[in-house]
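Engineer: below is the sequence, then the predicted model.
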Amino acid sequence: MLQKERDLLLYLLDNQDRFVTSDELAEILSLSSRTIRSYVKKLKEKLIVNGAQFESKPSFGYRLHIDHPVAFDLFLNENYKLSQWTSSTINKTDTIDRQKYILNKLVIENQTFRIDDLAERLFVTRSTLSKDLTLIRKILAPYRLVIDSKPNKGIFITGLERDQRHFILDYFFNHIDNTLQHYMANKSFFKTISFDQITIIVLDECREAGIDLTDFTIQNIVLYIALSIQRMAGGFKLQPVSLDDTVETKSVHAAAQNIINRIENSSQLKFPENEVAYLTIQLLAKGKNNNIPSDAKIWHDLDDVLQKIEWETGYPVSQDYELRKNLVAHLKPMIVRLEQGLQLKNPLLQEIKMNYASYFTAVKHYISFSEQLSHFDINDDEIAYLTLHFMAASEKYKDFDKPKALIICATGFGSAQLLNNRIEKAFGKYIHIVGIKGYYEIDDSVLQGVDFIISAIDLSTQVFKVPIVQVSIFLTALDVQKLHHFLDQLELNTDLDYKKASINETTSEPLNYFDQFTNKTRFKIWQTPTTRLEVLDQLTRMMMTHELPEFKQEFLDQINQREQMSAITFSEVIAVPHPLRPISQVPKIAIGVIPNGLKWSDDYPNIKLVFLLSPSYWNNQGLTETTQAIVQLTENMALQEQLISVADFETFRQKFMSVMKGGKN
């Protein structure tokens, strides 16, 4: 499949609940409507034999319908890999494919090519290749990278190593997909690097140093470190860099040194000081140091800007301490980035420019008021981040109230505050927001007293003791309808028991969902004494269908990491272990019954039911309904006793299905 075909299929997969017109697809994918129709025709033939089909309706467009989820998931896994670009995979009519191949060879592999040899390898004329190189030079220019040439040697890349790393991250690893696992999935490039281990180290040391990072920037830092390891292994060295002597820089440098030390101890690598210095710059540029007082110069500059904005708009921004504080926290690392020639990518940029152009244009205008920012060439991604702060403030001025929920957002405080204020406006009479957190901040203490979660990221592969409503950062009309439905379900319960409320309507085919994920080969009853490790080991072995041999150990490691974040024991007798991030090709559930109980931990010495979940990294249709049934089971003591005393899988299945159907047995 071509990259554009994969993008088209994934977009329809993300929008299964509606028809998508060819014009919308053309705009999203930067193609003509005619090309879209051509791709759809080609994909139809592939999908029909792989468990899915396109439903088309004149004037409405296309909708993806999945008939056989397992077959379709396996098809996705086979076709949507971030491939290592080789000349045999290049479509000679696809300019994007050729560009990626050339840039991969020049920048990542540091190769040199003769023009004629490269044209022959790609099956194109010298004229076509010259046009490709002209486009590539424009792509490289903002990164101060140049395609140079020498007689009898050919073309090659010149430029600083730091700029080459910056380009690699932006070009090869910048995705519009806003799911957590997407940024960490490129194992074909990082074959020997543990993203999970680096993530834990970064989280530990940044928390210890008081450095706040959003989920999005945590993953960017981890990806930067992984790329640094890869480039060091290839013999690429960073140029020396000097750091200033401020208290904040020293504090962040100490954190960077601790991160590098721990990676060295676990990997037998040796990082030069230049690598520590550049990691310090990355942390300064992308984090917020809570232990360092705010810069008075930024406060003064911002005060002048806010007064001018207030004069122009009438909004009381100069008296809004919360807005001022949040902007200062954002501007400090932003100025460091601009001084170092680094600028963040923003996954929300296109949606902001398309749907909130007036805010975006206004913020561009306001930047000219700032003495500190006006002399920088600031890209649209950075402006979009600032726009979110002002959008959040303007929503608050229109209608301010506090609803009730925990908001989870991965792309920064500005976007979280925007979502917070829109929910306040639409649902202030019904709910109360108790806080705003990132995914990596969720633990048992954060969830204490929380009745349900409103999440701007996909948490369908994680299981919590409370319901989750997933919405867009911008709280679209569809999101509003979804939240209204959720609250309507709560009203139907006289005791307002949030934990029994379902986000979606009860499925009409619960049997298909349960039977899709498990069967009698993934079910075991332990009549003799056993341990937590033995149960996890045997249940994991039941998950190995369609998986690689290394799946088992990675899966167990992921479960341990998930349990470090928050408890996976849902009652005195029920445990629901599951990985920190999905690694299965297809979703699976293995079930263990231990009538005499086992010691899971000191706090839970008598676990009798274990539901081992393995979500898919592609599609988990029906898994949410199943996990909600498990959560409901924690409050049904009578049914728990019946499940613990079953003699076989069929009896267990029959009794568990009563929960999925909404019955109380």
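Structural biologist: Yes, it's here. Numbering: from 1, shown residues only.

Engineer: ok, residue 537 - contacts?
Structural biologist: Neighbouring residues of residue 537 by Cβ atoms under 8 Å, 6 or more residues apart in numbering: residue 556. C-betas here are computed from N, CA, C, even on glycine.

Engineer: state the mean pLDDT of the strand or helix carrying it.
Structural biologist: Assigned by DSSP states H and E, residue 537 belongs to helix 532-541. If you average the pLDDT over helix 532-541, you get 94.

Engineer: buried stuff in that helix?
Structural biologist: For helix 532-541, burial by neighbour count (16 or more other Cβ atoms under 10 Å) applies to 532, 535-536, 539-540.

Engineer: stretch 567-585 now?
Structural biologist: Here stretch 567-585 shows 567-571, 573-585 as buried, counting by 16+ other Cβ under 10 Å.

Engineer: next, the distance between the ends of it.
Structural biologist: Terminal residues of stretch 567-585 are spaced 25 Å apart (Cα to Cα, to the nearest Å).

Engineer: let me know the average pLDDT across it.
Structural biologist: 86.

Engineer: okay, the helix holding residue 537 in PDB with CA atoms only?
Structural biologist: C-alpha atoms of helix 532-541 as PDB (Å, rounded to 0.1, in the frame of the first residue of the first chain):
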ATOM      1  CA  ARG A 532       0.700 -14.100  41.100                       C
ATOM      2  CA  LEU A 533       3.700 -14.800  38.800                       C
ATOM      3  CA  GLU A 534       2.500 -18.300  37.900                       C
ATOM      4  CA  VAL A 535      -1.000 -17.100  37.000                       C
ATOM      5  CA  LEU A 536       0.400 -14.200  34.900                       C
ATOM      6  CA  ASP A 537       2.900 -16.600  33.200                       C
ATOM      7  CA  GLN A 538       0.200 -19.200  32.200                       C
ATOM      8  CA  LEU A 539      -2.400 -16.700  31.200                       C
ATOM      9  CA  THR A 540       0.200 -14.800  29.000                       C
ATOM     10  CA  ARG A 541       1.100 -18.100  27.300                       C
END
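
Engineer: any idea which helix or strand comes after that helix?
Structural biologist: helix 551-565.

Engineer: mind listing the strands for the protein?
Structural biologist: Assigned by DSSP state E, the chain shows strands spanning 52-57, 61-66, 146-150, 154-158, 211-212, 288-289, 404-408, 432-437, 453-455, 468-470, 523-525, 574-575, 588-598, 607-614.

Engineer: looking at those, which one has the lowest mean pLDDT?
Structural biologist: Among the strands of the chain, strand 288-289 scores lowest, at a mean of 61.

Engineer: quick one: the closest residue to residue 305 other than its chain neighbours from residue 299, how far?
Structural biologist: Nearest residue to residue 305, sequence neighbours excluded (Cβ to Cβ, 6 or more residues apart in numbering): residue 369, at 4.6 Å. Taking Cβ to Cβ, to the nearest Å as the measure, residue 369 falls 15 Å from residue 299.

Engineer: more neighbours, those two?
Structural biologist: residue 369 (17 against 14; other Cβ atoms under 10 Å).

Engineer: so what's the more buried one up against?
Structural biologist: Contact partners of residue 369, counting by Cβ under 8 Å, 6+ apart, are 304-305, 308-309.

Engineer: re earlier: columns distance to residue 145 on top of the buried residues of helix 532-541, output as CSV?
Structural biologist: Converted to CSV, the buried residues of helix 532-541 look like this (distance: Cβ to Cβ, whole Å):
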residue, distance to residue 145
532, 52
535, 53
536, 48
539, 50
540, 46
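
Engineer: distance of residue 362 relative to residue 336?
Structural biologist: Counting by Cβ to Cβ - residue 362 and residue 336 are separated by 25 Å.

Engineer: the more surrounded of those two?
Structural biologist: A direct count of neighbours by other Cβ under 10 Å for residue 362 and residue 336 places residue 336 higher, at 21 against 18.

Engineer: quick one: that one from residue 168, how far?
Structural biologist: In terms of Cβ to Cβ, residue 336 sits 21 Å off from residue 168.

Engineer: can you check residue 602 too?
Structural biologist: 46 Å.

Engineer: more neighbours: those two, which one.
Structural biologist: Between residue 602 and residue 168, residue 168 has the larger neighbour count (other Cβ under 10 Å), namely 21 against 6.

Engineer: check contacts around that one.
Structural biologist: Neighbour list for residue 168: 107-108, 227 [criterion: Cβ under 8 Å, 6+ apart].

Engineer: residue 31: which of the contacts of residue 369 is nearest?
Structural biologist: residue 309 (39.2 Å; Cβ to Cβ).

Engineer: per-residue confidence for residue 159?
Structural biologist: 90.

Engineer: picking up where we left off before, okay, the strands of the chain in TSV with distance to residue 4 next?
Structural biologist: Listed next are the strands of the chain as TSV, based on distance: least, Cβ to Cβ, whole Å:
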stretch	distance to residue 4
strand 52-57	16
strand 61-66	15
strand 146-150	25
strand 154-158	26
strand 211-212	38
strand 288-289	38
strand 404-408	32
strand 432-437	36
strand 453-455	30
strand 468-470	27
strand 523-525	43
strand 574-575	44
strand 588-598	32
strand 607-614	31
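
Engineer: so of these, which one's packed in deepest?
Structural biologist: Among these, strand 607-614 has the highest mean neighbour count (mean count of other Cβ atoms under 10 Å), at a mean of 25.

Engineer: other residues contacting it?
Structural biologist: Contact with strand 607-614 is made by 463, 532, 535-536, 539-540, 543, 555, 569, 573-579, 582-584, 587-600, 623, 627, 630, 640, 643-644, as judged by Cβ under 8 Å, 6+ apart.

Engineer: just the angle between it and helix 551-565, please?
Structural biologist: Angle, strand 607-614 to helix 551-565, by axes from the mean of the first three to the mean of the last three Cα atoms, to 10 degrees: 120 degrees.

Engineer: so what strands line up beside strand 607-614?
Structural biologist: Here strand 607-614 has these sheet partners by DSSP bridges: strand 574-575 (parallel), strand 588-598 (antiparallel).

Engineer: now the first one, how far from the centre of its chain.
Structural biologist: It refers to strand 574-575. Relative to its chain's centre, strand 574-575 lies at 27 Å (Cα atoms, centre = their mean, to the nearest Å).

Engineer: contacts for that strand?
Structural biologist: With Cβ under 8 Å, 6+ apart, strand 574-575 has contacts from 568-569, 600, 604, 607-611, 630, 633-634, 640.

Engineer: same check, this time on stretch 38-49
Structural biologist: Under Cβ under 8 Å, 6+ apart, the answer for stretch 38-49 is 1-2, 4-5, 8-9, 22, 31, 53-54, 56, 62, 72, 75.

Engineer: how does it look with 10 Å?
Structural biologist: Contact with stretch 38-49 is made by 1-2, 4-9, 12, 22, 25, 29, 31-32, 52-54, 56, 61-62, 64-67, 71-72, 75, 79, as judged by Cβ atoms under 10 Å, 6 or more residues apart in numbering.

Engineer: again, but for stretch 227-238
Structural biologist: 108-110, 160-162, 164-166, 168-169, 172-173, 189-193, 198, 260, 263, 267, 269-275, 277-279, 282.

Engineer: 6 Å instead?
Structural biologist: The contact list for stretch 227-238 (Cβ atoms under 6 Å, 6 or more residues apart in numbering) reads 161-162, 165, 193, 274-275, 278.

Engineer: mind listing what's buried along it?
Structural biologist: Across stretch 227-238, burial judged by 16+ other Cβ under 10 Å covers 227-232, 238.

Engineer: make TSV out of these and add pLDDT and distance to residue 425.
Structural biologist: Below are those laid out as TSV (pLDDT from 0 to 100; distance: Cβ to Cβ, whole Å):
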residue	pLDDT	distance to residue 425
227	86	41
228	87	44
229	87	46
230	83	46
231	86	47
232	87	50
238	87	47
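
Engineer: ok, residue 143 to residue 98 distance?
Structural biologist: From residue 143 to residue 98 the distance is 20 Å (Cβ to Cβ).

Engineer: so which of those two has more stuff around it?
Structural biologist: Just comparing residue 143 and residue 98: by other Cβ under 10 Å the higher neighbour count belongs to residue 98, 26 against 20.
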